[in-house]
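>>> Provided below for reference: sequence and predicted model.
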Amino acid sequence: MLSISINRHLPRSPRLITSLPGPRARDIVERDRAVTSPSYTREYPLVVARGEGCMVEDVDGNVFLDMTAGIAVTATGHAHPEVVQAVQEQAAKLLHMSGTDFYYEPMVELAEKLASRAPLPGNARVFFTNSGAESNEGAIKLARYYTGRSLIIAFLGAFHGRTYGAMSLTGSKAVQRASFGPLLPGVTHIPYGTHASLDYLEKQLFPAMLPPQEVAAIVVEPIQGEGGYIVPEDGFLQRIRQICDRYGILMVVDEVQSGMGRTGRMFAIEHWDVMPDIITTAKGIASGLPLGAILARPEIMTWPPGSHATTFGGNPVACAAGLATLQLIESGLMTNAAKMGELLQAGLVRLHEQFPRVSLPRGKGLMVAIDLFDDEGNYDPKLRDRILQEAFLHGLLLLGCGKAAIRFCPPLVIDSDQIQIALNIIKVVLSNLDC
């Protein structure tokens, strides 16, 4: 049993009191190795006991500054008191009563708020899921159902999940697909983010091998997540919208990582003033409870009862957390994400100017990344991984993505002091590694 008090507040900067990992952490890591799937990826031996805001404490009492938010999930920070209160109050009343078969108000209320906030023409309809992968699975089904077509276009570098349909859309890493075939048929991948890619689609693929009248959907991340936090060229997303309109194809936007205020807008697609047909979301929607959603134009979401359902999607406790999360995002955290993102990028520009192996930053809001290069200008994933490990040993939690990128996706409650702490730690690590 852990002897860590849950009543005292955590410090707002890292505090390391043992070597890493500490003795309790080492013990739990060994226990984990004996019983859990080897398919899990663990960046470093962090064993978390509790969290508060942007800080997490491990089982040995070490405190870390978290720039990962559990992969962009804890949008309102760890254990935000308003989210915790909403969860506790709902859990005391009703834990589960499948929204597929019955009704309860938290599910309806959250659907109303999401429907009115979604950047879709008209008032959207909502289907609740348990995860981003499940949202994307449902979007595939809905697009095929509505259009009566079977083909789907996705992008190299995309990540949409690891279940079969979502994995078939994913084009991020070969290990995610290796030995799992055959995958979902009818999916074609093209390069992401450039007008040259869309030229290739329209001038080469459509005439030669991909009849556009058989394409149900183009599925795209407005900013690629696992692919490297890649921001597309100006006009790229607008042009996808035009292609979809020209051929009767549905534009499906995956906002699983980029949505819920992370980029300074509720949905990242709003930066480009594009209205998709279907939006998928999850991660930050409920501050850590498992919840996702498919948002669609009402004339599209017309599938009949029983054609798509879920036991746990829209769970009342998760919906209560979602309502509290949405309120916090709209009442200040979305604005904070935009401001802190500018501060973070400005600091990363200064690091780029000092360390030649660090790229200029890219991203929007608190969805930001830098790449690491070797002395010849090639991507250097080994250097990136060393930086992640060294940052951990200095009390800073980071994650990689893309070919050799470090992503910064902290809780949206992060403040300017914590941004500076993170930048200072990275500067020390880069200096120690002669970058």
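Ah, there it is. Residues are numbered from 1 along each chain as shown.
>>> does L10 sit in a helix or strand, and which one?
Secondary structure from DSSP states H and E places L10 outside every helix and strand.
>>> next one: the one 3 residues further on
With the criterion set as DSSP H and E, no secondary-structure element contains S13; it sits in neither a helix nor a strand.
>>> measure it to N336 for me?
Separation of S13 from N336 (C-beta to C-beta, to the nearest Å): 19 Å. From N, CA and C alone the C-beta is placed, and that goes for glycine too.
>>> just G377 next, same as before
From G377 over to N336 the distance is 35 Å, taken as C-beta to C-beta.
>>> which one of these two is surrounded by more residues?
Between G377 and N336, counting by other C-beta atoms under 10 Å, N336 is the more crowded of the two (20 against 9).
>>> immediately after the strand or helix carrying the more buried one, which helix or strand?
Per DSSP H and E: N336 is located in helix 334-354. Using DSSP H and E, the helix or strand that follows helix 334-354 in sequence is strand 362-364.
>>> just checking, what packs against the helix or strand following that next one?
Following strand 362-364 in sequence order, the next helix or strand is strand 367-371 (DSSP H and E). With contacts taken as 3 or more C-beta pairs under 8 Å, 6 or more residues apart in numbering; DSSP states H and E, strand 367-371 sits against helix 334-354, strand 362-364, strand 405-408.
>>> in strand 367-371, what's buried?
Under the neighbour-count criterion of 16 or more other C-beta atoms under 10 Å, strand 367-371 has 367-371 buried.
>>> same question for stretch 133-141.
Residues 133-140 are the ones in stretch 133-141 that count as buried (16+ other C-beta under 10 Å).
>>> would a markdown table of those residues with distance to Q418 and pLDDT be doable?
Shown next, in a markdown table, are those (distance: C-beta to C-beta, whole Å; pLDDT from 0 to 100):
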| residue | distance to Q418 | pLDDT |
| --- | --- | --- |
| A133 | 31 | 97 |
| E134 | 33 | 97 |
| S135 | 31 | 98 |
| N136 | 32 | 98 |
| E137 | 36 | 97 |
| G138 | 37 | 97 |
| A139 | 35 | 98 |
| I140 | 39 | 98 |
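>>> which of the residues you listed sits closest to Q238?
Closest to Q238 out of these is A139 (20.7 Å), distances taken as C-beta to C-beta.
>>> what sits against that closest one?
By C-beta atoms under 8 Å, 6 or more residues apart in numbering, the contact list for A139 reads 217, 219, 252, 278, 280, 294.
>>> got the CA coordinates for stretch 427-434 in PDB?
Taking C-alpha atoms only, stretch 427-434 is exported to PDB below (Å, rounded to 0.1, in the frame of the first residue of the first chain):
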ATOM      1  CA  LYS A 427      18.100  23.400 -22.700                       C
ATOM      2  CA  VAL A 428      20.100  21.600 -20.100                       C
ATOM      3  CA  VAL A 429      19.500  18.200 -21.700                       C
ATOM      4  CA  LEU A 430      20.500  19.500 -25.200                       C
ATOM      5  CA  SER A 431      23.600  21.100 -23.700                       C
ATOM      6  CA  ASN A 432      24.600  17.800 -22.000                       C
ATOM      7  CA  LEU A 433      24.100  15.900 -25.200                       C
ATOM      8  CA  ASP A 434      26.100  18.400 -27.300                       C
END
